[in-house]
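[1] coordinates only, no sequence provided:
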């Protein structure tokens, strides 16, 4: 019976350990393993918070905050594009993007990176994956019949790039690979 209790306590303790064991001791190390290492390093370097630069949860917070800033900026560009072109087809796609970007922003605001640990990795992974699907839904809506050019494609691509980086850093820290391990 004592062995079962001991095993249970060890498992419980392991899931509560801070996420980001010293597999990667600097953000430069983990960023080098991403698909866009220069952007990853640039975003984290630009942060003025030495506290957030100290560990992987902080690096993820910095990347997530950048994704949120880009998403908010993209939302203003979506609104601007709607004001400058009254086409019903364009309005429909921009309305879809507006809904998706509001969801992305809400989702990013709910992520509390300081609470990330091995036990809730899957929740964070799924949340970021959902945000990436929202970007794709926005982008893909412009391809629907009849297809039209997106006036916000450069902004949606920027959002996707930073969300990809955030997800890759999360996965590298948990799985030692850029793809999910759930």
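    Arrived safely, thanks for sending. For clarity, every value in this text was computed on a predicted model and none was experimentally measured. Numbers count the residues shown, from 1 in each chain.
[2] now do stretch 115-131, average pLDDT.
    For stretch 115-131, the mean pLDDT works out to 93.
[3] just the buried positions in it, please.
    116-118, 121, 124-125, 127-128, 131 (16 or more other CB atoms under 10 Å). For the C-beta atoms, the positions are set from N, CA and C on the backbone; glycine is no exception.
[4] report the contact partners of residue 93.
    138, 141-142, 144, 148, 150 (CB atoms under 8 Å, 6 or more residues apart in numbering).
[5] tell me the confidence at it?
    Residue 93 is given a pLDDT of 95.
[6] cool, residue 87 as well?
    Taking residue 87 on its own, its pLDDT is 88.
[7] residue 28 versus the residue most central in space within the chain, what's the distance?
    By CA atoms, centre = their mean, the chain has its centre lying nearest to residue 163, at 3.4 Å. In this view, residue 163 and residue 28 are 21 Å apart by CB to CB, to the nearest Å.
[8] how about residue 172?
    13 Å.
[9] these two: who's more crowded?
    Higher neighbour count among residue 172 and residue 28: residue 172, with 21 against 13, using other CB atoms under 10 Å.
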